[in-house]
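Trainee: quick one: sequence plus predicted model below, questions after.
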Amino acid sequence: MPLRKPPPSPSLLSPSAYDDDVRSLRSLSDQDSDSEDDELVKGSRTTLELSQHDRTVLEEEEERERLLVKKTSTHGLRRIFGHENASSVRIGRQERRRQRRLQRRADRIQRMDDKGEEEGLMFEMEEGTFHDDASSESSAGSSDLVHVTVDSRAYKSSRSSWCWKIALLSLSIIVLFLILFLGAYKESSGFRSSRRQPTILSNGTSLFLPTTILISLDGFRADFLNRGLTPTLNSFIANGVSPSYMLPSFPSVTFPNHFTLVTGLHPESHGIVGNTFWDPALGEEFYYTDPLRSMQPKWWTAEPLWVTAEKQGVRTAIHMWPGSEAHIGKIEPTYLDKYNGKEDLIIKANRVISFLDLPGDEEVDDLPSTTDTRPQLIAAYVPNVDADGHTFGPNSTEIRHTIAQVDQMLANIFQGLHDRNLTDIVNVVIVSDHGMATTSTDRLVQLEDLINIDLVERLDGWPLRGIRPKRPEDLETLKQQLAESSKPYRDSIEVYTRETMPDRYHFSQNDRIAPLWVIPKTGWAIVERANFDVKEAKKNNKVYHPRGLHGYDHEHPLMRSIFVARGPKFPHNPNSRVKNFRKSQSTTNIAVGSQLKECTPENIEVYNIVCDSLEIEPHPNNGTLRLPLNPMGLHSPEDSPGAETLDDPPISTSTSPSNVAITSKPQNDAPSRPPVTTSAAAPDSTPTPKAGEQDGDTSPKSSPSLWDKLLDKIERLKNWAQGLLESVDG
């Protein structure tokens, strides 16, 4: 037998290389028609070359098929509804299944190609897993597999890109929708709040939305209620709800506390840290008596009550309230009365009532469009008691007359409510911002005796003094000077840095607070020699003015203020005693004689209470109390507001340790509390001066001059006679 000639280029990819009997990869029927393919196989072409050839053939066949399809009668409809490359042949379920199997097989072969085509095939032969296409169901040939593989990869890439585009588009739409939704929510929050269904009450002639009158009596000390001068206010207490007294915020001066009342924030948080202060960021000084400086919005960085209300669709009428003229937040009250310290109290009462005579919302439709509409919040400021307290002192005859006048103003307002059948329709809240202490030439400290004033750039606050040095390095020098010079003034002053300030003061977290402070004890004052020479004044028996001062430790009894409320939002038994608004940070109880008295409400709670009475949502603040209040029974004679009789601060030269905390924070921030006695004398009895920090000690530890004793006795005799005459007339 002649020897067979070997193939010209033997290759593992040629079937004849390892099987002489194999003539073709095709079946007999295929060999009749696909001799061209056999020639390619005999030519020992690689799979890649075969696939390229088959792909070319298939593309030609598809092109012919598309040309044939376009000639059919439904070509126009296919162009409209069909895919550009779609075939007119409908693929059956079995055919689709076969194509999926081919796809899987093609994927496997493609993975083998990544490692090297011949190595993959050789591995299959060595493992005995090589399958002849002639015996497989997918006998369409390797050209079909490769074509499907290439097409499927292109399809996968196209589909993946398409999916990513859809996902990104969907995500963009969702994000845009959320932005629009949040913007619409924010813009419409006030509208939605105003659209809530509020409580509506009727006095028989008109409908009233929740309405509250807030009245602040500046400088009205809590024990002023115990002088027999305030029958209207005492009756209001007996028919309303109140604590024994309310604590102001530190420092206990007018502007910080009035802004605290309408924001619920401590002064360090709302930024009005004193009646006068320096702002390092602005490089300017705030001075409360200069409206051109103080009534600019840059100073007022918190949201007051009238802005909260107006933003939620509640109209407001603000009468002379400190800060109301500053255009805060670019939102103005509906009605604004500027400050006028000379306004008669009768006019003030009539002004408050006149707002209630305006038509309500349900009446406006029948009136001209220019008609004013009734406000729901009326906030009025009454400065008279504070003004006369500074001028004449809190125990003077003049202040007694002023207290009685203010009480008559309240009587006029309550009578106006009664005449309009609004006593049980309108909420009334009466507060004060701080108390008042009597000053004396014997309770003065010369600032120049404490520090080198030439090192000081400016002084903040009054009567407490915030010291700002000219140079940063001068601060340490001033600290050292105060540490030494304050020793003789142990009962007169306290010295703190911003870091050592007692926590209960809430007076450190603001750059408007000076880095070094000299804080006088209650009744004392710190003066500069240019304004008042202490030695010269004592030598010439000169009287120090003002006769009354505040701004001291806000927990001192002489700084106590008041809070009384009545109305539909305060549905409590008459004469109810309010459970404590909030416990002081420094202590939980205060010793009073043999009893323990719980700490009392702080004025940061007033903002939330008034907001709740108007059914509006308060802005975030430091307060925690919300309506309804939680009474703890009724007032007894011992704990009713103003029941305690307080006396003037003493003149003391005690050598007890002073509170000087310059380098470290004190372990106990709580000041010692004086025992407070309840006077059994007539309600209008005039307090007498006490010595030491004990209000019950009647003898001063330093002997005043004979002239001072005589003047003091004359003053007390005059007050006693005045009180006796008023009690007889009453």
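Mentor: Perfect, I can see it now.
Trainee: for residue 484, the count of nearby residues, please.
Mentor: 11 (other CB atoms under 10 Å). Heads up, the C-betas are built off the backbone N, CA and C, glycines and all.
Trainee: with just CA atoms, put the helix or strand hosting it into PDB.
Mentor: Assigning secondary structure by DSSP states H and E places residue 484 in helix 474-485. Provided in PDB are the C-alpha atoms of helix 474-485 (Å, rounded to 0.1, in the frame of the first residue of the first chain):
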ATOM      1  CA  ASP A 474      -1.400  92.800  78.100                       C
ATOM      2  CA  LEU A 475      -4.100  90.300  79.100                       C
ATOM      3  CA  GLU A 476      -1.800  88.300  81.300                       C
ATOM      4  CA  THR A 477      -0.600  91.500  83.000                       C
ATOM      5  CA  LEU A 478      -4.200  92.600  83.700                       C
ATOM      6  CA  LYS A 479      -5.000  89.100  85.100                       C
ATOM      7  CA  GLN A 480      -2.000  89.300  87.500                       C
ATOM      8  CA  GLN A 481      -3.000  92.800  88.600                       C
ATOM      9  CA  LEU A 482      -6.500  91.700  89.400                       C
ATOM     10  CA  ALA A 483      -5.400  88.600  91.200                       C
ATOM     11  CA  GLU A 484      -3.500  90.800  93.600                       C
ATOM     12  CA  SER A 485      -5.500  94.000  93.800                       C
END
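Trainee: tell me what that helix is packed against?
Mentor: strand 465-469, strand 493-497, strand 516-520 (3 or more CB pairs under 8 Å, 6 or more residues apart in numbering; DSSP states H and E).
Trainee: can you list the weak-confidence ranges in the stretch 501-650 of the chain?
Mentor: Under the criterion pLDDT under 70, the flagged ranges of the stretch 501-650 of the chain are 580-600, 638-640, 642-648, 650.
Trainee: please, where are all the helices along it?
Mentor: Taking DSSP state H, counting those that start in this stretch as the test, the helices found in the stretch 501-650 of the chain are 534-539, 606-614.
Trainee: how about the first one: buried residues?
Mentor: For helix 534-539, a neighbour-count test (16 or more other CB atoms under 10 Å) marks 534, 537 as buried.
Trainee: which residues are contacting that helix?
Mentor: With CB atoms under 8 Å, 6 or more residues apart in numbering as the contact definition, helix 534-539 has outside contacts at 441, 442, 444, 445, 446, 527, 542, 544.
Trainee: at 10 Å instead, please
Mentor: Taking contacts as CB atoms under 10 Å, 6 or more residues apart in numbering, the residues outside helix 534-539 that touch it are 441-442, 444-449, 525, 527, 529, 533, 542-544, 705.
Trainee: one step back: now the helices and strands packed on helix 474-485 as CSV including mean neighbour count and distance to residue 631?
Mentor: Formatted as CSV, the helices and strands packed on helix 474-485 follow (neighbours: other CB atoms under 10 Å; distance: least, CB to CB, whole Å):
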stretch, mean neighbour count, distance to residue 631
strand 465-469, 23, 40
strand 493-497, 22, 36
strand 516-520, 24, 36
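Trainee: turn the ones you listed into a markdown table, including distance to residue 296.
Mentor: Output for the helices and strands packed on helix 474-485, formatted as a markdown table (distance: least, CB to CB, whole Å):
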| stretch | distance to residue 296 |
| --- | --- |
| strand 465-469 | 21 |
| strand 493-497 | 30 |
| strand 516-520 | 26 |
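Trainee: so which of these gets nearest residue 372?
Mentor: strand 465-469 (43.9 Å; CB to CB).
Trainee: ok and that closest one relative to strand 516-520, angle-wise?
Mentor: Angle of strand 465-469 versus strand 516-520, following axes from the mean of the first three to the mean of the last three CA atoms, to 10 degrees, is 160 degrees.
Trainee: mind giving me the packing neighbours of strand 465-469?
Mentor: The contact analysis (3 or more CB pairs under 10 Å, 6 or more residues apart in numbering; DSSP states H and E) places strand 465-469 against strand 276-279, strand 456-460, helix 474-485, strand 493-497, strand 516-520, strand 525-527.
Trainee: so that strand versus strand 493-497, what angle?
Mentor: 40 degrees.
Trainee: sorry, back to before: reformat the helices and strands packed on strand 465-469 as CSV; add distance to residue 237.
Mentor: Shown next, in CSV, are these (distance: least, CB to CB, whole Å):
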stretch, distance to residue 237
strand 276-279, 35
strand 456-460, 37
helix 474-485, 44
strand 493-497, 34
strand 516-520, 32
strand 525-527, 33
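Trainee: and of those, who's closest to residue 380?
Mentor: Going by CB to CB, the one of the helices and strands packed on strand 465-469 nearest residue 380 is strand 276-279, 25.0 Å.
Trainee: residues in contact with the closest one?
Mentor: So strand 276-279 is contacted by 253, 255-256, 267, 271, 273, 284-290, 294, 298-299, 457-462, 466, 468, 510-514 (CB under 10 Å, 6+ apart).
Trainee: among the residues you listed, which are located in strands?
Mentor: 284, 285, 286, 287, 457, 458, 459, 460, 466, 468 (DSSP state E).
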